[in-house]
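> mind looking at a prediction? Sequence and model below.
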Amino acid sequence: MHPFKHLLPVAAAAAAFSPQVIPALQAAQPEKKTNVVFFVLDDLLPRLNCYGEKGMVTPNIDRLAREGMVFDNAYCQYAVCGPSRASFLTGLRPDTTRCYNNGNLQVRENVPNLVTMPQHFKNNGYESLAIGKIFHHSSTQPGDDEQSWSRPAFHPGGPGYRHYFNKETLDYMADLRKKHQAKGKKGSPRGISFEAGEHSTDDQYPDGLVVARVTEALKELKESQKPFFLGVGFQKPHVPFVCPKKYWDLYPLESIELEETPLPEGANEFSVVDSKELRTYADIPKEGPFSPELQKNLIRGYKACVSFVDAQVGKVLDELEKNGLMENTVIVLIGDHGYHFGDHATWGKQTNFENATRAPLIVWTPKMKNKGQHTQALVEFVDIAPTITELAGLPQLKAFEGKSLVPLLENPGAPWKDAAYSQYERNTSVMGHTVRTKDYRLVQWYRRGNPPTLAAEELYDLKKDPTEMKSVAADPSYKKVKAQLLAKLQENWKNELPPWPALQK
């Protein structure tokens, strides 16, 4: 069996799976350009077997990792979908794109003469395709960045409920819809937060429709022999946690452990939001704590959706192999940011903590010299665009603000940058910038003004406190460390902090 052969049923696959080695691939013909398949999974944490997470059924991503390279310390630049994607798809930091929330994604208005990564491929003779969620889009912003793609992006739409709602939920939503309309709000209230689809199949869900469209596209691309950049965007494991019941069955409810922890000692009013996104779903309390049963179902649903989307990744890998495209294709897989499951007193993303800013990054090439290795280097998602560009042999764009990771693919222990940077905005009035080094995380929250003023700060000693549960920013023994980290933070944003750029509302 080829190592990228899809395994079903998934439960049996997990038990029977054994490591295999991809056969040596023939060198691509000199005249051929290198193709790119770029997987973007929504809200995917590094909760995978290849990242040491026990009990997860993710055989396809794990196989990709065994034949590629796993970046153990990869950080997004902004822990919410739209700004994160605007950053890694352009190779620009959020303070350059000026995209600070999902309602402000007008990158081209903010960056004159912008060329995105997929647009760069299109400009160099590639067929550039987006199938699924690559750039952020929503009911109020249904389009995509048209200049990036050779044809309109494909969005399957819909959360994929199979049983939809019971009467109680329908009544609740009808009342909520009336309140929305009375306030002049657009759109409809959200549905339930999780569902195990009885007797449903993968292809009945939006991510299954993505696979079907990818299958068609790869056959067409093979026939045309045109080089391609293919963005494959899966919605899962983003809430609502809906997928076929067979994936839920992999994680019995009694095996789920709660992850709830309090707000860190020394944190501040800007550190977290009160589970803002999740509370918009019909079955989630609008305030107050979540019951233990609800928490377990949410965690179980998330894990089920990770296994579901892993199966979809496997189907795409199968199609690449089936069409003879593996020998000349680079594969990159990421989650767009992390997620909190009650830890740090919040659910969702939208923080500057480790669990929100750290996400998976796996790179596979046909000529991998270090198959199956991990690198501990601190890398950033802003590095992805220059990396993919170099792997494809295209010229680097001068605007890129990241650093190609190709040297780490050659040598996982190569000397590297000593910090990663992320940021998050609160209520358009306060911006939090964070610097993460091997041993520390410093977060500084600046209040908007001319000049901006320091509103709060946090410092976590990751050697003593790896889960970031106590800020030592006020501890005088850390004065020197804090000064060194602040210097790194200001150096990275030397043109922005201070003064702080004008915020887009």
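Done, it's in.
> can you check the pLDDT for the residue lying closest to Lys417 once chain neighbours are set aside?
Sequence neighbours aside, Leu378 is the residue nearest to Lys417 in space, at 6.0 Å (criterion: Cβ to Cβ, 6 or more residues apart in numbering). (Glycine included, C-beta is placed from N, CA and C.) For Leu378, the pLDDT comes out at 98.
> same question for Gly82.
Gly82 is assigned 92 on the pLDDT scale.
> how close does it get to Pro262?
According to Cβ to Cβ, to the nearest Å, Gly82 stands 29 Å off from Pro262.
> list the residues that contact the residue nearest to Lys417.
Asn73, Tyr75, Trp416, Lys417, Asp418, Ala419, Ala420, Arg436, Thr437, Lys438 (Cβ atoms under 8 Å, 6 or more residues apart in numbering).
> just the buried ones from those residues?
Asn73, Tyr75, Trp416, Ala419, Ala420, Arg436, Thr437 (16 or more other Cβ atoms under 10 Å).
> surely the last one touches Leu485?
Yes - judged on Cβ atoms under 8 Å, Thr437 makes contact with Leu485 at a distance of 6.9 Å.
> if I look at the residue most central in space within the chain, how far off is Thr375?
The chain has Asp336 as the residue nearest its centroid, 1.4 Å off, counting by Cα atoms, centre = their mean. The spacing between Asp336 and Thr375, counted by Cβ to Cβ, is 20 Å.
> how about the helices in the chain?
Assigned by DSSP state H, the helices in the chain fall at 10-16, 59-67, 81-88, 94-97, 107-110, 117-123, 167-182, 206-224, 245-248, 292-322, 354-357, 384-391, 406-410, 479-492.
> want to throw those into JSON lines with mean neighbour count?
What follows is the helices of the chain, written out as JSON lines (neighbours: other Cβ atoms under 10 Å):
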{"stretch": "helix 10-16", "mean neighbour count": "14"}
{"stretch": "helix 59-67", "mean neighbour count": "23"}
{"stretch": "helix 81-88", "mean neighbour count": "27"}
{"stretch": "helix 94-97", "mean neighbour count": "24"}
{"stretch": "helix 107-110", "mean neighbour count": "16"}
{"stretch": "helix 117-123", "mean neighbour count": "23"}
{"stretch": "helix 167-182", "mean neighbour count": "12"}
{"stretch": "helix 206-224", "mean neighbour count": "18"}
{"stretch": "helix 245-248", "mean neighbour count": "22"}
{"stretch": "helix 292-322", "mean neighbour count": "22"}
{"stretch": "helix 354-357", "mean neighbour count": "25"}
{"stretch": "helix 384-391", "mean neighbour count": "22"}
{"stretch": "helix 406-410", "mean neighbour count": "18"}
{"stretch": "helix 479-492", "mean neighbour count": "15"}
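> closest to Glu195 out of those?
helix 292-322 (7.9 Å; Cβ to Cβ).
> and that closest one, how far from the chain's centre?
14 Å (Cα atoms, centre = their mean, to the nearest Å).
> residue numbering should commence at 4 henceforth.
That works, and once the first residue is 4, the last one we named lands at helix 295-325.
> just want the angle from it to helix 62-70.
For helix 295-325 against helix 62-70, the angle by axes from the mean of the first three to the mean of the last three Cα atoms, to 10 degrees is 60 degrees.
> so for helix 295-325, mean pLDDT?
Per-residue scores along helix 295-325 average to 97.
> same check, this time on stretch 400-416
pLDDT averaged over stretch 400-416 gives 97.
> for that stretch, buried residues please.
Leu400, Phe403, Glu404, Gly405, Lys406, Ser407, Leu408, Val409, Leu411, Leu412, Pro415.
> now do that stretch: distance to the chain's middle.
Using Cα atoms, centre = their mean, the offset of stretch 400-416 from its chain centre is 19 Å.
> what about that stretch, how long is it end to end?
26 Å (Cα to Cα, to the nearest Å).
> my read is that Arg154 contacts Lys125, right?
No - contact criterion Cβ under 8 Å: Arg154 and Lys125 do not qualify, at 10.2 Å.
> now do the buried residues in stretch 232-251.
Quick answer for stretch 232-251 (16+ other Cβ under 10 Å): 232-247, 249-251.
> scratch that, stretch 357-373
Going by neighbour count (16+ other Cβ under 10 Å), the buried part of stretch 357-373 is 357-369, 371.
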